[in-house]
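K.L.:
fold the following.
(3 chains)
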Amino acid sequence: MSDITEDTVRHLANLARIALTPEEVTTLTSELAAIVSAVEKVNEAVSADVPATSHPIPMENVWREDVVADELTSEQALTGAPDHDGSRFRVTAILGEEA
Amino acid sequence: MSDLTRLSAAEQSALLESREISSVELTKAHLDRIAETDSDLGAFLHVSDDALTIADEVDAARAGGVSLNPLAGIPVAVKDVLCTLDMPSTAGSKILEGWVPPYDATPVARLRTARMPLLGKTNMDEFAMGSSTEHSAYGITRNSWDRTRIPGGSGGGSASAVGAFQASLALGSDTGGSIRQPAAFTGTVGMKPTYGGVSRYGAIALASSLDQIGPVTRTVLDAGLLHDIIGGYDHHDSTSISDEWPSFADAARRGARGESLKGLRVGVVKELDLSGFQPGVTARFHETLTMLAAEGAEIVDVSAPNFEYAVAAYYLILTAEASSNLAKFDSVRFGLRVTPNGTPTVEDVMSATREVGFGAEAKRRIILGTYALSAGYYDAYYGSAQKVRTLIQRDFAAAFAQVDVLVSPTAPTTAWKVGENLDDPLAMWLSDITTIPVNMAGIPGISIPIGLADEDNLPVGLQIMAPARDDARLYEIGAAIEALLDAKRGSTFSALTPAFTGGAN
Amino acid sequence: MAKDALMDFDKALEKFEPVIGLEVHVELSTKSKMFSSASNVFGADPNTAVTPVCLGLPGSLPVVNKDAVRYSISLGLALGCEIAETCRFARKNYFYPDLAKNYQISQFDEPIAFEGSLEVELDNGDIVTIPIERAHMEEDAGKLTHVGGATGRIQGAEYSLVDYNRAGVPLVEIVTKPIYGTEGRAGEVARAYVSTIRDIVRGLGISEARMERGNLRCDANVSLRPRGDEKLGTRTETKNVNSLRSIERAIRYEIQRQAALLDKGTAIIQETRHWHEDTGTTSPGRPKSDADDYRYFPEPDLLPIRPSRELVEELRAALPEPPAAQRRRLKAEWGFSDLDFKSIVNAGLLVEVRETVEAGANPQSARKWWMGELSRTANEMNVEPSSLVTPTQVAELQSAVDAGTINDKLAREALAGLIANEGTVAEIIEKRGLTVVSDDGALIAAIDAALASQPDVLEKIASGKVEAAGAIIGAVMKAMGGKADAARVRELVIERASA
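P.N.:
Model prediction:
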C-alpha cells in the first residue's frame, strides 16, 4: 500500500516545515519507501477487536487545582529568544491570514 | 586514597560521611579525570563551572552537622536531554545550540535538593534519536572500553562518562533502550524505570508515551541510590505515578545479601534470544542462566509472539509523537533562527531553520511521523501501532503470570565500530529489538554487565524485566546476580575496564 | 480589495435557502490556564502571565486544570448536552507563531459534551431550537501584533510581535449542527443564539463573555442551496465577528455575496473569510491547503478524563435556571411592561440590569442607566456597554443618588468618572467634588442673591403661582454649579415666600 513519491515527501516536508534540498527529497523518498514497507507489518498483527493503547500505564482524571504557580518574568521568557522587542517575541512578516 | 574515581558512589558516600574525604576532593578528582580523558572520549558537551562551589557548600554543611542525603556531595553527570538552569541544554541538536533554559527539569531539581554537584551535560544522539551517539550535532562519543567503538545510544555520553570513571553517577533517558543498550556496550548498569516512575518534566521530549528518565551507574546499588533521589510523584507530569515507592537502594542491598535467587522463576523470552545474535553475547547470556539455575532459580521458557511487531510499531509511535513534539523548534521563542535571503515570511524562516537545525536522522523521523499521522494513513499506521502495543502488553502479562522476572541479552551484539552502521538506518533501528518491548509496555528494565564476549572482549549486558511498578524487584535481582558474578570474578566488573588515561588511541 | 458583488437580500432569499452553522468559543474565567499554572488574566504586561508550558519550552508538560473541566461540564449541561463517560485530549498540529508548541491541545473524536440543543428567543418572541453537535475543551493561542503595515493589518507588515499571555487560556468550543429553516432571520437567529450563550455562561459564572475582549467569539458558517435542492452548498467560515451586531451583519453579507456569485454560475470556494467591522464586508483568509491536514492524535502527555456521574449530577443540580424561564420570572418580579423588558433583552443588557438589581439598585433605575446613559456612551465609543462599568458600580452610583448625596446630573458626571477608571463612586464624588450642597445656609445665600435680581418672584409665589419658583431654582442651580438638590432649593424658596 505504500506509494511514496517525491511529491509525497515534499508535501510531508511542507507540513513539517522543513525546507529540503532536491537531493534530500530524493534520498528521503527511497528511505521512506523502505521504512514504510518495513513497518507496514503492524497491519498483519491487529484486528478490529484489539483496543488501542495510548498510555502504557492506565490512569485517568489526572488534574491540578486551579492555582497560579511557576510563572516566569518576561525577562526569563525572552531569555532564549532569537529576536524580541523587550517584552514580546519578534518574527518576520506573516503572509496569508488576517488576524 | 589512591583513585577516588574508581570507587562506587556508595563507597564514596561512606568516605564522605566518615569525613575521610571531602566533596571538593571527590569532585575535583572527577573534574580532573574529565579534563584528562574527555578530549578522546567526547562524553561531555558542557562541563559545569560551579560543581566545586556546591561541593564546598556541602563540605561546610557536613562540618556544621547538617543532616545530608547519602549522595550529598557526590558529583553527577546529566544527559543533555534534561533542562538545567545554569547550563546549556541542547539535546545534542544544533537547533538548541547554547540554549540555557529558565527552569530545571524535575530530576535535576531533585539532584540539587540532594546537594549533588552537577559535573556537566553529556553527549547524546540528537533528540535521543539513535543507538550509537554518532548523531549528535556536536561530534561523536567513543566507547570507554574501546575508543574505536561506539558507546551505544542515545545516551552514549552518560554511559561512557560512567564507564571511564569521569563520574560514578549519571542520568540518562530511555525511549527504546537509550539507557540500557549503552550500559551494555560500556559495561555499566542502566535502569529504565516504570513509565511514570521518574518525572519527565524538563526532559526534552522525543516520544512522550515511551520516554523515561533513569540512572546510569557502575553498580546496581548506586543505581538504586540515585533512583531514590530522582524518582517519585511530580505534579508537573500528568503521567507521573503517585504511588509510594519503596527504597530501591534497600532492595539492592537485600539482593546483594543472597537468597533472592532461590526459587526465583526466571523467564527467558524466546523471541529475544535469537540465533542471529552475536555468539559471544549468546554464550554469556546462557552461562548466566546456568549460574542462576545453580543458585536455585527456575528457568522457564516463555514466548511473546507479538514482539515480532514491536520494532515496527515502536517506530511508528515514536516518529508520530516526535514529529509533533519537535514542532516547537520553530525559531520563535528559543534556539536557532536561520533567515533566508530576500524578504522571507515567517514560514520561510521556520522551514529554513528546521532544515539547517535538524540532522538527517531527525528529519527522517519527522517525515515518517508526519506520514504516519497524515490524513488517510492514521488508522493503518499510528492506529495499528497502538493496537500492537496492546498485544505486547498482553504478551508481557501472560509471561509474568508464569514467572517473576524476564531476562534477555540487553542487545543482540556488543559495541560496533564507529561508522559501521551509519549508512543503513534500518539496521540501526533493528539493533534495539531487545529493549523496545519494555518501553512499549511501560515496564521497568535494567541492564547489568555479565561478562565479555569471547570474539571481541567487549562487555555484554543482561536485561532483566519486571511487571510495571515493580522496579524494586529489578534492583533486588540485579544486585543478587551482580554480587554472584563479582564473587566468582573476585572483583567488580568495572575493575576489568582497560586502562585509559587519555591521549592514547 | 475588490468590492464584492451583492444580490439584494430579499431576492437572494427567493432564489436560495441559507443554511448556517455556528462555532462559538468561550474563554473560561478560571484563575489559571487550561494546561498551565500561569494566571489567566486580561491586560497584563506582555509575556508575564506565562510558565514554560505556555511558551512551549522544551521539556515542559501540560497538566489539566480541574476547574476548567468542571466549568466545561456545567456548560455542556446548560446546553442540554450529554456528558461523555470518558473523553480525551488530542493534538491538532499546525504551524503558526502564536501557537507556542505548533500544536493546539484540543479534543477531536472524544469531546466532553455532545448532542445538545438550545432554545433561543427571537425579537418577536418566537422560539427557535438550535441543535448542538458538541462542546469540547481546548486552549487559546497567543496574540500577534503586526507592525509596519499601513493599516496595522497583517498584509504589508514588516514584522510581528508575539505575546503568549493568552496562550493556554481555557476555551470551550461549541459547535452547532447545520441550522435549517432560518430564512431571512438567519442573522437574527445567530445573534440570539450567541446572546443566549453569553447569558448562560455569565449566569454560570464561568466566563466574563465580553465579546470586545474576545472572551466570546463566533465563527459563522454560511452556505446557500438553490430552492428545492437537497444537497448542501459549499460553505464559507467567517471569523473575527466580535459583536452581536456584526454576527447578524456578517451573515447577511455572506448570503448576499454568495447569492450574487451563484447567480452568475460561479462556484463558492470553501474558505475562511474575515469580517471587517469598519467596512461591513468579508474578505478571504489564507486558502486552506496543507492546513487542512491537522494530523490529530491522542495527546500522549495527558490522560483520559472520566467525569464521575456524581460530579455530573452535582453540577447539573447547581445549574442556574434556563434563560427563558429566568426572563419570565424577572419580568414579573420587576413589573416591567412587555416593551420595556424586551428592549433590555434586545439590547443584550439583561445580565447587566439583573446584576445591577442584585447589587441593590431598583429595577427602574438599573434599566434607566443601562438603556440610557451607558448605551449612549457605549454607542459613541463603539464598544459594548458592559465594557464601560460593572453592574456593582452602577448600583453604587444609584445608591448615592437614592441617598441624596448626588443628584441625577452629578450622577452622570460620576458615571463619566467611573468610565474613565477614576476610582470608586465615593472616590470620584470626593475627587470631582460632586456632592450636592446640603448646607442650607449656602443655599439660602444663593436664593437671596437670586431673589435680589428677581424681586417679583416672591410675590408671585405668595399669590399662589408656585411655578414661579422655577426661575429661582434655575438660578441657584447655576450659581452652585449644579451641585444643589433641586427639591431642597424649591422647599427653601417656598418657605421664604410664605415667611
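
K.L.:
residues in chain C within reach of chain B, list them.
P.N.:
Residues of chain C found near chain B (Cβ under 8 Å from any Cβ of the partner chain) are C:52, C:55-64, C:91, C:93, C:95, C:97, C:100-103, C:160, C:162, C:164, C:292-293, C:295-297, C:300-303. The way it works is simple: take the backbone N, C-alpha and C, and place the C-beta from them, glycine included.

K.L.:
need the helix or strand of the chain with the lowest average pLDDT.
P.N.:
Just so you know, I chose chain A. Among the secondary structure pieces of chain A, namely its helices and strands, helix A:42-45 has the lowest mean (mean pLDDT, DSSP states H and E), a mean of 88.

K.L.:
oops, chain B please
P.N.:
Averaged element by element with mean pLDDT, DSSP H and E, chain B has its least confident helix or strand at helix B:425-430 (a mean of 73).

K.L.:
for it, which outside residues touch it?
P.N.:
Applying Cβ atoms under 8 Å, 6 or more residues apart in numbering or on different chains, the set of residues contacting helix B:425-430 from outside is A:31, A:34-35, A:38, B:130-132, B:311, B:315, B:361, B:364, B:421-422.

K.L.:
pull out the buried positions in that helix.
P.N.:
Residues of helix B:425-430 classed as buried: B:425, B:428-430 (neighbour count, 16 or more other Cβ atoms under 10 Å in any protein chain shown).

K.L.:
okay, now C:R490: neighbour count?
P.N.:
If you count neighbours by other Cβ atoms under 10 Å in any protein chain shown, C:R490 ends up with 16.

K.L.:
quickly find the element holding it.
P.N.:
helix C:486-498 (DSSP states H and E).

K.L.:
next one: that helix to chain centre, how far?
P.N.:
Centre-to-centre, helix C:486-498 and its host chain are 46 Å apart (Cα atoms, centre = their mean, to the nearest Å).

K.L.:
buried set for it?
P.N.:
When neighbours are counted by 16+ other Cβ under 10 Å, the buried residues of helix C:486-498 are found to be C:486, C:488-490, C:492-493, C:496-497.

K.L.:
quick one: average confidence on it?
P.N.:
When pLDDT is averaged along helix C:486-498, the result is 78.

K.L.:
ok, C:R432 touching C:L415?
P.N.:
No - assessed by Cβ atoms under 8 Å, C:R432 is found out of contact with C:L415, at 11.1 Å.

K.L.:
those two: who's more crowded?
P.N.:
C:L415 (21 against 15).

K.L.:
the helix or strand harbouring the more buried one versus helix C:486-498: what angle between them?
P.N.:
Secondary structure assignment for C:L415, by DSSP H and E: helix C:408-419. With axes from the mean of the first three to the mean of the last three Cα atoms, to 10 degrees applied, the angle from helix C:408-419 to helix C:486-498 works out at 160 degrees.

K.L.:
so which elements touch helix C:408-419?
P.N.:
Helix C:408-419 is packed against helix C:391-402, helix C:425-432, with contacts defined by 3 or more Cβ pairs under 8 Å, 6 or more residues apart in numbering or on different chains; DSSP states H and E.

K.L.:
can I get the shortest one in CSV, CA atoms only?
P.N.:
Extracted C-alpha coordinates of helix C:425-432, given in CSV (Å, rounded to 0.1, in the frame of the first residue of the first chain):
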residue,chain,number,x,y,z
VAL,C,425,-18.1,56.1,43.2
ALA,C,426,-17.2,57.5,46.6
GLU,C,427,-13.7,58.4,45.4
ILE,C,428,-15.0,60.1,42.3
ILE,C,429,-17.6,62.1,44.2
GLU,C,430,-14.8,63.2,46.5
LYS,C,431,-12.2,63.9,43.8
ARG,C,432,-14.5,65.7,41.4
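
K.L.:
what residues sit buried inside it?
P.N.:
Using 16+ other Cβ under 10 Å as the test for burial, helix C:425-432 gives C:425, C:428-429.

K.L.:
and the first one, by the same measure?
P.N.:
Neighbour-count burial for helix C:391-402, with 16+ other Cβ under 10 Å as criterion, is recorded at C:391-398, C:400-401.

K.L.:
pop out the phi and psi values for the nearest residue to B:H235 once chain neighbours are set aside.
P.N.:
Excluding its sequence neighbours, the residue lying closest to B:H235 (Cβ to Cβ, 6 or more residues apart in numbering or on different chains) is A:R64, at 6.2 Å. With angles defined as degrees, to the nearest 10, A:R64 sits at phi -120, psi 160.

K.L.:
how many neighbours does A:R64 have?
P.N.:
For A:R64, the neighbour count with other Cβ under 10 Å is 18.

K.L.:
pretty sure it contacts C:S37?
P.N.:
Yes - under the criterion of Cβ under 8 Å, A:R64 makes contact with C:S37 at 6.9 Å.

K.L.:
overlap in contacts, these two.
P.N.:
Common neighbours of A:R64 and C:S37 (Cβ under 8 Å, 6+ apart) are C:V63.

K.L.:
gap between the residue most central in space within chain A and C:S72?
P.N.:
Centre of chain A computed as the mean C-alpha position; nearest residue by Cα atoms, centre = their mean is A:A16, 6.5 Å away. Remark: distance between A:A16 and C:S72 (Cβ to Cβ, to the nearest Å) = 32 Å.

K.L.:
no further queries at this time; thank you.
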